[in-house]
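Enquirer: This is a predicted model, with the sequence first.
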Amino acid sequence: MNIAEVYKKLGKHSWSIMDAIFKNLWDYKYVPLYIIAEDARISEEKARAILKQLSDERLVLNRQTDYEGSTFTFYGLSIYSLHRMVRRGVVSAIAKLMGEGKESMVFNCYSDKLGECVIKFHKLGHASFKKVRDKRNYGELHFSVLAIRSAKNEFKTLKKLQGLAVPEVYAWEGNAVMMQLIDAKELYRVKVENPAELLEMILDEIRRFYRRGIVHGDLSQYNILVNNEGFWIIDFPQSVEVENEKSWKELLVRDVRNILNYFYKIYQIEKDINSAVEYILSDG
């Protein structure tokens, strides 16, 4: 899907209808047609016709169950979140797709205020959504709610970690997080010249995160970016705050184990995990 082309097709009534769906996502798996029409201040007949057009563009899902209702697709939520950023004046243009994974899509974008940046749209497949929904007791809410919470968590975490080896973060709306563009490659894609030094620097950074009350929760060679200037740790939707998550130490140990295993496998650098964790948790 070409997000820019679809975005340009949408008029004020389409945005009003998407405003109404977004507003009511937390109360309904599928937002009733009469509520959408009422909030958008148009007739149900006109709302139904526009929802049909939005469905044809794969932006919404329309369902007839006990009632007639609609909700976002991943693309619909992403385009709507982009629209909220445009309305705020933080995004001026969106460009090419940079990368796509199971839980996100990342696009280049341009801001008149900030220059070239990236927008990360959080997405969650139904399998991963069900797993997290069951674990965190989200009930029957639509997966869009979880994607929004995932983006919000990443934004809040990056805000707390500004000044450390993470991207600068600029804005959050819906399932979208806008942040610094970093010209670097994932750790697993490159052969570094100073692996022992880099390993110590990464452990130091995990320690700094911990001192700010954050554990990454999903750290590996796939979300560490490196270039000649240094390294950055990315992808924080699963991060936890030490004071609010009982399993934080388990997650911290797993992060450290992932990193130590990678450096041992690729560079034959052996380091005791207990001493590494002890160092991270130490006060000195």
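Expert: Cool, the structure landed.
Enquirer: Quick one: low-confidence residue ranges for this protein.
Expert: Applying pLDDT under 70 to the chain picks out residues 125-141, 284.
Enquirer: okay, now the domains of it?
Expert: Split into domains by automatic domain parsing, the chain comes to 3-72, 90-180, 185-281.
Enquirer: where exactly do the helices run in the stretch 101-250 of the chain?
Expert: With helices called from DSSP state H, counting those that start in this stretch, the stretch 101-250 of the chain shows them at 126-136, 143-160, 195-211, 248-267.
Enquirer: Between those helices, which one is closest to Val169.
Expert: Nearest of the helices of the stretch 101-250 of the chain to Val169, taken as Cβ to Cβ: helix 143-160 at 3.9 Å. Just so you know, the C-beta spots here come from the backbone N, C-alpha and C atoms, and that holds for glycine as well.
Enquirer: Dump the C-alpha coordinates for that closest one into CSV.
Expert: C-alpha atoms of helix 143-160 as CSV (Å, rounded to 0.1, in the frame of the first residue of the first chain):
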residue,chain,number,x,y,z
PHE,A,143,-5.8,-5.2,18.6
SER,A,144,-5.5,-1.5,17.6
VAL,A,145,-5.7,-0.6,21.3
LEU,A,146,-2.7,-2.8,22.0
ALA,A,147,-0.7,-1.3,19.1
ILE,A,148,-1.5,2.2,20.5
ARG,A,149,-0.3,1.2,23.9
SER,A,150,2.8,-0.4,22.5
ALA,A,151,3.7,2.9,20.7
LYS,A,152,2.9,4.9,23.8
ASN,A,153,5.2,2.7,25.9
GLU,A,154,8.1,3.0,23.4
PHE,A,155,7.7,6.8,23.3
LYS,A,156,7.6,7.2,27.1
THR,A,157,10.6,4.9,27.5
LEU,A,158,12.7,6.7,24.9
LYS,A,159,11.8,10.0,26.6
LYS,A,160,13.2,8.6,29.8
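Enquirer: Buried ones in it, by neighbour count?
Expert: Buried positions in helix 143-160, judged by neighbour count with 16 or more other Cβ atoms under 10 Å: 143-158, 160.
Enquirer: Ok, stretch 44-60 next?
Expert: So, applying 16+ other Cβ under 10 Å, buried residues of stretch 44-60: 47-48, 50-51, 53-54, 57, 59-60.
Enquirer: what's around the closest residue to Pro195 other than its chain neighbours, how many residues?
Expert: Spatially, and ignoring its direct neighbours in sequence, Pro195 is nearest to Tyr267 (4.0 Å; Cβ to Cβ, 6 or more residues apart in numbering). As a burial measure, Tyr267 scores 15 neighbours (other Cβ atoms under 10 Å).
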